[in-house]
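In: please work out how this folds:
(2 chains)
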Protein chains: 2
Amino acid sequence: MTYTELSHFIRQQQSFLCVGLDTDIKKIPPHLLKEQNPCLAFNKAIIDATAAYCVSFKPNTAFYEAMGVQGWQTLHDTIDYIKINYPKHFIIADAKRGDIGNTSSMYAEAFFNQLGADAVTVAPYMGSDSVKPFLSFENKWAIVLGLTSNQGAFDFQMKGHPELYKEVLKEVSSWGSKENTMFVIGATKTAMLAEVRKIIPDHFLLVPGVGAQGGSLQEVAQYGMNSHCGLLVNASRSIIYAASGEDFALQAAAEALAMQQEMAVLIS
Amino acid sequence: MTYTELSHFIRQQQSFLCVGLDTDIKKIPPHLLKEQNPCLAFNKAIIDATAAYCVSFKPNTAFYEAMGVQGWQTLHDTIDYIKINYPKHFIIADAKRGDIGNTSSMYAEAFFNQLGADAVTVAPYMGSDSVKPFLSFENKWAIVLGLTSNQGAFDFQMKGHPELYKEVLKEVSSWGSKENTMFVIGATKTAMLAEVRKIIPDHFLLVPGVGAQGGSLQEVAQYGMNSHCGLLVNASRSIIYAASGEDFALQAAAEALAMQQEMAVLIS
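Out: As a prediction, the model looks like this:
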């Protein structure tokens, strides 16, 4: 998917919502446990219920790896299900990968060619040769960690003069372009979004931390939105675990719809 | 495995070699392609051929993920094979993971409980809550990226005053102990090993970059060894792809033996 296609889809859907598929068998509605593959059944129901209100899905690879080989199969089947049924939705493999060049190339192969994701999240610590292999696939994206939503962001990212995250944004944005690189910027650090936009005014930002982690959607839009929207705001737990009864998908849809309605106002 | 057990095993084997299983179906000997699972057959042969000369095996997860679901099964079967046949060998899942706390917990579950690895490599960019979940498993290890062997190490790790990698060593070493934390320090930066040892004299270092990447084993030992050895030196391509004919395992054994003999002199 190109930058322009994503921007158009956001305008069409009146939404910049990304639904995070952090699917944990211990948290899904108990009645699904009788299904042959409970986590896949859960994902399909959540995807069907929320696709109208979002532009992107983001399976978090950790949750699938924790289920072993079957988990990796479920990740594969989940991405296939989205591609077949919702081909315009932007699929992010939230994997936080990054290694020396020849190894990063294998990760790019895994996520772009084997799994068919549009984007993969990438950790910047190992520098240019760890990121660039993800930038050489046409219409695929590296979403590089900039300023994350967790408490640990204060340990390294916000230290230094200038702060490390600013160095990362400057350096990494020079390795590719706004057509193949996005950045993760946590919604819990909205005060820094204006600083971020001074460095990378045009890039898309993937913004976690709204919802369960407490970030404000309005502040994210106020400081982070650009003329192409330039935002994908992720919510995982607040949507997918909105309820644990038979009506879980309906409640997930209601949560996603509520966010989409807020977003429609912010986009216009 | 405990720090003491690993130190004893190193003395017993007269080796601190780690064999990296970066298994790529495009690079394994062609005659193996007739096997039902060529990569697993290759791994078993390499493991059998080199186990006497090393103390550790390090499958690189990228290479398995690039083969999709079957690759994850091969990773699983490879680790099982080591645990059953060489139970004293230290198994490192080279995965470079790291995410917010609840997600890192899932990665720890995946690598320690599902796959049964002794250690997993971890990226430090996201800070304490991204690393600590790996430290709460008894006799399991987080091997955190400090100063990596690639060119990209100059982009962020070696910038700042003091350099970022020094901050990482200081901070991360305070989150756990030498009993559950190691650091990746590339052999291509041996001049910095003395600096590293000023900050973390007692921790084990996982040292990639000897072999295909050009680092010197003698310099690594000179500047990096402590009284418990404190080193695991990895070689991947130079051992596992030593030859591509029917004698590939024999040639891999010869390469591993040559390194072990050098190491025996350095240990004594």
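In: who's in contact with A:Ala119?
Out: For A:Ala119, the contacting residues are A:90-93, A:140-143, A:182, by CB atoms under 8 Å, 6 or more residues apart in numbering or on different chains. From N, CA and C alone the C-beta is placed, and that goes for glycine too.
In: three-state assignment of A:Ile92?
Out: Under DSSP: H, G, I helix; E, B strand; the rest coil, the three-state class of A:Ile92 is strand.
In: so what's the residue nearest the centre of chain A closest to, chain neighbours aside?
Out: Geometric centre of chain A, nearest residue: A:Lys58, 4.8 Å, by CA atoms, centre = their mean. Computed as CB to CB, 6 or more residues apart in numbering or on different chains, the closest residue to A:Lys58 that is not its neighbour in sequence is A:Ile92, at 4.1 Å.
In: look up which residues are beta-bridged to the one you found.
Out: Counting by DSSP bridges, A:Ile92 forms beta bridges with A:Ala119.
In: quick check: it vs A:Met225, distance?
Out: 19 Å (CB to CB, to the nearest Å).
In: and these two? which has more neighbours close in?
Out: Shown here are A:Ile92 and A:Met225; by other CB atoms under 10 Å in any protein chain shown, A:Ile92 has more neighbours (26 against 17).
In: could you tell me how many residues sit around the residue nearest to A:Pro38 when sequence neighbours are not counted?
Out: Spatial nearest neighbour of A:Pro38, excluding adjacent residues (CB to CB, 6+ apart): A:Leu32 at 4.5 Å. By other CB under 10 Å, 18 other residues sit near A:Leu32.
In: got a list of what A:Leu32 touches?
Out: So A:Leu32 contacts A:38, A:41-42 (CB under 8 Å, 6+ apart).
In: right, and chain B sits closest to which residue of the stretch 1-150 of chain A?
Out: Distances between the stretch 1-150 of chain A and chain B by CB to the nearest CB are smallest at A:Gly127, namely 2.3 Å.
In: so who does the nearest residue to that residue once chain neighbours are set aside touch?
Out: In this structure, A:Gly127 finds its nearest non-sequential neighbour in B:Gly152, 2.3 Å apart by CB to CB, 6+ apart. Residues near B:Gly152 by CB under 8 Å, 6+ apart: A:100, A:126-131.
In: and the longest helix for chain A?
Out: The single longest helix within chain A, with elements called by DSSP state H, is helix A:248-267.
In: now do that one: which elements does it pack against?
Out: helix A:3-13, strand A:17-21, helix A:38-50, helix A:217-224, strand A:231-235, helix A:237-240 (3 or more CB pairs under 8 Å, 6 or more residues apart in numbering or on different chains; DSSP states H and E).
In: who touches it?
Out: Contacts of helix A:248-267 (CB under 8 Å, 6+ apart): A:10-11, A:13-17, A:19, A:28-29, A:42, A:45-46, A:48-50, A:52-54, A:210, A:217-218, A:221, A:225, A:229, A:233, A:235, A:238-243.
In: in it, which residues are buried?
Out: By 16 or more other CB atoms under 10 Å in any protein chain shown, the buried positions in helix A:248-267 come out as A:248-249, A:251-257, A:259-260, A:262-263, A:266-267.
In: kindly report the same for stretch A:71-84.
Out: Quick answer for stretch A:71-84 (16+ other CB under 10 Å): A:71-79, A:81-82.
In: helices - which of those land there?
Out: Per DSSP H, the buried residues of stretch A:71-84 map to helices at A:71-79, A:81-82.
In: ok, back up a step: which ones among the contacts of B:Gly152 lie within helices?
Out: Short answer: the contacts of B:Gly152 in helices (DSSP H) are A:128-131.
In: considering those residues, which possesses the most neighbours?
Out: A:Ser130 (29 neighbours).
In: quick one: contacts for the closest residue to that one other than its chain neighbours?
Out: Closest residue to A:Ser130 apart from its sequence neighbours, by CB to CB, 6+ apart: A:Gly98 at 4.4 Å. With contact set as CB under 8 Å, 6+ apart, A:Gly98 has these partners: A:104, A:107, A:122-126, A:130-131, B:96, B:123.
In: so where's the stretch 51-200 of chain A uncertain?
Out: Applying pLDDT under 70 to the stretch 51-200 of chain A picks out no residues at all.
In: which parts of the stretch 151-268 of chain A sit against chain B?
Out: A:151-157, A:159-160, A:164, A:167-168, A:171 (CB under 8 Å from any CB of the partner chain).
In: could the helices and strands packed on helix A:248-267 go into a markdown table alongside mean neighbour count and mean pLDDT?
Out: Shown next, in a markdown table, are the helices and strands packed on helix A:248-267 (neighbours: other CB atoms under 10 Å in any protein chain shown; pLDDT from 0 to 100):
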| stretch | mean neighbour count | mean pLDDT |
| --- | --- | --- |
| helix A:3-13 | 17 | 98 |
| strand A:17-21 | 26 | 98 |
| helix A:38-50 | 22 | 98 |
| helix A:217-224 | 18 | 94 |
| strand A:231-235 | 27 | 97 |
| helix A:237-240 | 22 | 96 |
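In: pipe the ones you listed into CSV and attach distance to B:Ser136 per row.
Out: Output for the helices and strands packed on helix A:248-267, formatted as CSV (distance: least, CB to CB, whole Å):
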stretch, distance to B:Ser136
helix A:3-13, 39
strand A:17-21, 24
helix A:38-50, 25
helix A:217-224, 33
strand A:231-235, 27
helix A:237-240, 22
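In: so which of these is nearest A:Glu65?
Out: helix A:38-50 (12.4 Å; CB to CB).
In: could you measure from the nearest residue to A:Ala45 once chain neighbours are set aside over to chain B?
Out: Leaving aside its chain neighbours, A:Ala45 sits nearest to A:Ala249 (4.3 Å; criterion: CB to CB, 6+ apart). Distance, A:Ala249 to chain B, using CB to the nearest CB, to the nearest Å: 23 Å.
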